[in-house]
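Enquirer: Could you look at this predicted model? Sequence included:
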Amino acid sequence: MSDEFAPILPGPGGSDYERYLRTDELLSLQKTADEWVHRDELLFQTVHQSSELWLKHAWNDVEEATRLIEAGDLAAAQRLLRRANACIRYVIGFLEHLEQMSPWEYQDIRRVLGHGSGFDSPGFREIRRVSPPLYAAFDGVRKERGLSLVEVYTQGREHEDLYQLAELLTDWDEQIGIWRFRHVKMVGRVIGEDVIGTQGTPVELLAGLIKNKMFPELWRVRTDLTMLAKESDPDGNDS
C-alpha cells in the first residue's frame, strides 16, 4: 500500500483525522462499560460533554462579535451571532435525549453524580460573563448614532445594521431563556418537580429563574413600541 496518504501529523492515532481531532483522548472521556452503574451513563455524559463543547463555541463567537461591534464591523458581528444562536439551539435539542431516560433507572445515575449541578457548567458561566459586554457594545453604537432604542426600531430602514444586531441580541437572549426553560422541564420530567436537586436547589426555584433575561431593555422596547402605536392610532385594536 502506498504511503502517499499515511499520517503526517504528530500524535497518537492511525490517521490524520484521528490525530487532528484527538479522537483517542475524546472518546476516552466517557466512562467505560465496566464503570457504568447504568448503561445510560454514556448517554448522560455524551449529552453534557457535547453541550459544553457547543457552549464553548457559542461564547467564543459572542466574545469575538463583541470585539467586532466595538471596532464598527457590525456585519461580521452579525454572522458570528447567528452562529452562536445556532449553537444554543443544538444544546436545547440535546435535552430531548435526556428525556428518553427512564425516570426510575436515572436514579441509579443520580447516586454517582455527587454534588454535580448545571449551575457549575463552565459553558453557562462563560455565557453569563460574555453577555453583558455584548449588550454594552451594541448600546455604545446606538448612543454614538444618537438613537433611542425605540428609534432603532422605528427608523430601522436607515439603521438596518443596528436593527439586525438588536434582533440577534434578542434571539441570543431568547435562546438562552428557552434552554433554561427546557432544562427545567427536563429535570421535572426525570426527577419530579417537588424535589431537591443534587446541589440542594429545589426544582421549583430553578423554574423561577427562567424568568430572568440577559437584555431586559430589548424586551421592554416591544411594550414601548406597542404603546407608541396605540398613541398614534387610538382606535386600533390591542392584538
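Expert: Ah, there it is.
Enquirer: any idea how far Arg128 is from the residue nearest the centre of the chain?
Expert: Nearest to the mean C-alpha position of the chain, by CA atoms, centre = their mean, lies Ile88 at 3.6 Å. Ile88 sits 13 Å away from Arg128 when distances are taken as CB to CB, to the nearest Å. Any C-beta I mention is one placed from the backbone N, CA and C, and that applies to glycine too.
Enquirer: now Glu63
Expert: 13 Å.
Enquirer: Please say which of the two ends up with more neighbours.
Expert: A side-by-side neighbour count of Glu63 and Arg128, using other CB atoms under 10 Å, places Glu63 first with 16 against 12.
Enquirer: out of everything not next to it in sequence, what's closest to the more buried one?
Expert: Val130 (4.9 Å; CB to CB, 6 or more residues apart in numbering).
Enquirer: do Leu9 as well
Expert: Arg19 (4.3 Å).
Enquirer: swap in Asp40?
Expert: Met101 (5.2 Å).
Enquirer: wouldn't the one you found be in contact with Leu43 here?
Expert: Yes. The pair Met101 / Leu43 is scored as a contact, 6.7 Å apart, by CB atoms under 8 Å.
Enquirer: Could you check the pLDDT of Gly197?
Expert: On the pLDDT scale, Gly197 is placed at 61.
Enquirer: just the one 10 residues further on next, same as before
Expert: Taken from the predicted model, the pLDDT recorded for Ala207 is 61.
Enquirer: Does His159 touch Arg145 like I think?
Expert: Yes. If you go by CB under 8 Å, His159 and Arg145 touch, sitting 6.5 Å apart.
Enquirer: ok, those two, which is more surrounded?
Expert: Each of His159 and Arg145 has its neighbours counted (other CB under 10 Å); His159 has more, 20 against 13.
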